[in-house]
Every structure is written in structure tokens, then in C-alpha cells.
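[1] for reference, the sequence and a predicted model appear below.
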Amino acid sequence: MLLSYNVEISPMSGDHAVSEFVDKVMQSIWKIFYAGLYESTRKSLEGLFDSLNQEVDKATNLISAGPKNWNDTAYSLMQNVSENVCIPLAAAFITVIFCWEIIHLVQESNSMQNIQPERLMLVLMKFALCLIVCTYSFQIVMAFCDLGIWASENLGGLTGDSVGEFKLTLEDLGIDPSPERITLAAVMELGGYKVMLAIGTVGIWICGVLVYVRVMLWFIELLLYASTAPIPYSTWMNREWSQMGMNYTRKMLALSFEGFFMLLLFSVYGGVLGGLQAGNFKQNLVMLIGCGFGLAVMMFKVGNISASIFNAH
């Protein structure tokens with residue numbers, strides 16, 4: 001007995017097989033694109049703060065080294081200006097103030113008829129001390145700077161200087177490295193994250209440049225103020241004029257401790273980054289870039305913070 005079977009091939013089953021084949025091919029293509037984008041995005045996220053970290057490390061080393069090690073030529077130039085230009089100007093101010101004190105002494109002593117020797121000796125001692133202070137005024141204000149550098153070095157030993165404590169990965173941010181099914185939308189979304197990270201990298205690089213520029217401006221301002229130290233210190237022997245010297249001293253103390261506050265700002269910012277938690281990618285990226293720009297902005301407010309603490313204006 002012969003048995004016969006009739007097998008009918010449905011057109012729908014053929015279309016389904018073709019559809020599965022095309023889907024597998026597209027999945028292979030999307031997988032290649034997705035894997036490449038994922039690896040590129042991962043590296044961009046890991047290196048997001050490389051430029052900023054380099055500038056922060058450079059700024060930390062410069063602050064700890066002081067203005068002389070920053071640029072010995074500029075330091076020597078400002079010292080020569082102080083000794084050869086400002087000290088003669090200070091001598092002229094001291095002469096005028098000394099004559100002013102003598103005139104007051106004569107007026108108060110009834111045309112020198114009731115003058116007391118100790119009053120005259122006091123004026124001469126003030127004159128001599130003022131000359132000595134003006135002569136070594138540059139070294140005095142540099143000692144203020146050394147005090148600020150000492151505080152900065154001790155701060156660096158207690159806290160972390162770097163802002164590179166960011167350890168979140170793409171997986172922590174909710175991006176699967178190898179999903180079961182990859183679609184064009186997933187590839188486009190990952191590509192969008194890559195573009196966002198590229199923009200963020202440029203922004204962070206700008207922040208790093210601003211940090212470096214701010215440190216350079218601090219050194220320049222510090223040396224400019226230090227070079228003119230003999231002039232305000234020449235007013236200390238007179239009660240009415242001495243406020244100029246006191247204000248200058250407070251200003252130099254504020255300038256000397258700006259580096260300390262910069263390092264403290266770096267430490268606080270590193271703590272903010274270290275405290276980030278896994279979550280939404282866009283939210284974390286916006287926070288990272290925002291914190292970077294916040295660091296750059298706060299660097300230019302450090303001077304106001306230091307001045308307010310030391311009551312300098």
C-alpha cells in the first residue's frame with residue numbers, strides 16, 4: 001500500500017522566514033553600531049574630567065609653590081620695582097608725614113616752649129621704625145603669602161585636591177551594554193548621549209582653562225600689590241594716615257589666602273562629584289556640566305570671600 005502526503009507551502013511562512021532573516025541582519029548591523037557607540041561613549045564619560053583634572057592639579061602645584069616659583073622673572077621684576085621705585089616714593093611720603101608730626105608737636109607745645117623730650121623721642125622712634133618697615137615691606141608681604149601657602153599645604157594633606165572622583169559608568173546610568181534586542185531608536189539615543197558628552201567635554205575644557213587663568217590672575221594681582229608695599233607702609237607713623245597701611249595689610253592677607261580658598265573649593269567640588277548616585281543619564285550629565293561651570297564661576301568669587309573674611313576693601 002502506497003501512502004501519499006501532500007505538503008502545501010504557505011506564502012505566509014516564506015515571508016516570515018524572509019522577515020526573520022532581515023531582522024537578524026539588521027540586528028547584526030545595529031549591534032555593531034551600538035557596540036561602537038557604547039565603547040566610544042564609555043571612554044568619553046571616563047575622560048570627561050581629564051582636562052579639568054589636569055588644570056586643577058597644575059593649579060594646586062602652583063598655589064603650593066608660591067609666586068616666586070611660579071615665575072621667578074616676574075617676582076624679581078616686582079621686587080626691583082618695590083626697592084628702586086616705591087621705596088623712594090615712600091621716603092617722600094615719610095618726609096612729609098614727619099614734617100607734619102613736627103608741626104603738630106610745635107603747635108601743641110606752645111611754639112616749643114613746653115616741649116617734652118620724650119614726645120620728640122617718640123616722633124623720632126616712629127620715624128625710624130617706619131623707615132625700617134618700608135625698607136623690608138616687600139619681604140613682609142611675602143611672609144603673608146608664605147603663611148597662606150603653609151595653610152594651603154596643610155589643607156592639601158587633610159582633603160582631596162582632585163575633582164576626578166567621578167566613578168559612575170554607563171551601566172550605573174541605566175544604559176545596557178548588550179541589550180537582547182537593539183533598535184534604531186536605541187542606537188540614536190546612544191548617539192545622542194555621545195553628542196551630549198562631546199559638548200560637555202568642551203564645556204569642561206573651558207572650565208579648566210578658566211581655572212588656570214584665575215590662578216594666573218591671582219599671582220599677577222598679588223605681585224602688583226606687593227610691589228607697592230612701601231607706599232602704604234610709609235603712612236603708619238601718622239594717626240590720620242595710618243588707616244591706609246592697615247587697609248593694605250588686610251588686603252594683602254586676603255590675597256595671600258585666596259590660594260587656600262581655591263584649594264578648599266577644589267576639595268568641596270570633588271566631594272560633590274564623589275557623592276553622585278546612579279540614576280538618569282541626562283540628569284547626571286546636566287549636574288556634572290553645571291558643577292563644572294559652577295567651579296569656574298566660584299573661582300572668580302574666591303577673592304570676594306577672602307576679602308570679606310579679612311575685612312579688606
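    Received the coordinates, thanks.
[2] how far away is Glu20 from Leu52?
    Per C-beta to C-beta, to the nearest Å, Glu20 is found 49 Å from Leu52. From N, CA and C alone the C-beta is placed, and that goes for glycine too.
[3] the two - which one has more neighbours?
    With neighbours defined as other C-beta atoms under 10 Å, Glu20 and Leu52 compare such that Leu52 has more, 26 against 10.
[4] hmm, Leu210 and that one touching each other?
    No: counting by C-beta atoms under 8 Å, Leu52 does not reach Leu210; the two are 9.8 Å apart.
[5] now for the closest residue to Ala229 other than its chain neighbours: which residues touch it?
    Of all residues not flanking Ala229 in the chain, Ser137 sits nearest, at 3.7 Å (C-beta to C-beta, 6 or more residues apart in numbering). Ser137 sits next to 82, 87, 90, 229-230, 233 when contact means C-beta atoms under 8 Å, 6 or more residues apart in numbering.
[6] which PyMOL command selects the buried ones in those residues?
    A single PyMOL command selects the buried members of the contacts of Ser137 (16 or more other C-beta atoms under 10 Å):
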select buried, resi 82+87+90+229+230+233
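[7] just the contacts of Ser137 now: which is nearest Ile175?
    Ile175 lies nearest to Ala229 out of the contacts of Ser137, by C-beta to C-beta, at 57.6 Å.
[8] next one: the closest one, what pLDDT does it get?
    Model confidence at Ala229, given as pLDDT, is 92.
[9] again with the one 5 residues further on
    Note for Ser234: predicted pLDDT of 87.
[10] next: Asp50.
    71.
[11] next one: Asp176
    We have a pLDDT of 66 for Asp176.
[12] what of Arg250?
    Predicted confidence (pLDDT) for Arg250: 92.
[13] now do the one 10 residues further on
    For Phe260, the model assigns a pLDDT of 89.
[14] so it touches Trp150, yeah?
    No: contact criterion C-beta under 8 Å: Phe260 and Trp150 do not qualify, at 9.3 Å.
[15] which of those two has more neighbours?
    Applying other C-beta under 10 Å to Phe260 and Trp150 shows that Phe260 carries more neighbours, namely 22 against 12.
[16] got a list of what that one touches?
    By C-beta under 8 Å, 6+ apart, the contact set of Phe260 is 148, 151-152, 155.
[17] same thing but at 10 Å, please
    63, 147-156, 302, 306 (C-beta atoms under 10 Å, 6 or more residues apart in numbering).
[18] check which helices and strands whichever strand or helix holds Ile103 is in contact with.
    Ile103 is part of helix 87-108 when elements are defined by DSSP states H and E. Judged by 3 or more C-beta pairs under 10 Å, 6 or more residues apart in numbering; DSSP states H and E, helix 87-108 is in contact with helix 117-135, helix 137-158, helix 230-233.
[19] let's go with 6 Å and repeat that
    helix 117-135, helix 230-233 (3 or more C-beta pairs under 6 Å, 6 or more residues apart in numbering; DSSP states H and E).
[20] residues contacting the last one, please?
    Outside of helix 230-233, the residues that reach it under the criterion C-beta atoms under 6 Å, 6 or more residues apart in numbering are 86-87, 89-90, 133-134, 137, 244-245, 248.
[21] likewise for the first one?
    Applying C-beta under 6 Å, 6+ apart, the set of residues contacting helix 117-135 from outside is 90, 94, 98, 101, 230, 233-234, 236-237.
[22] that's all I had, so thanks and see you.
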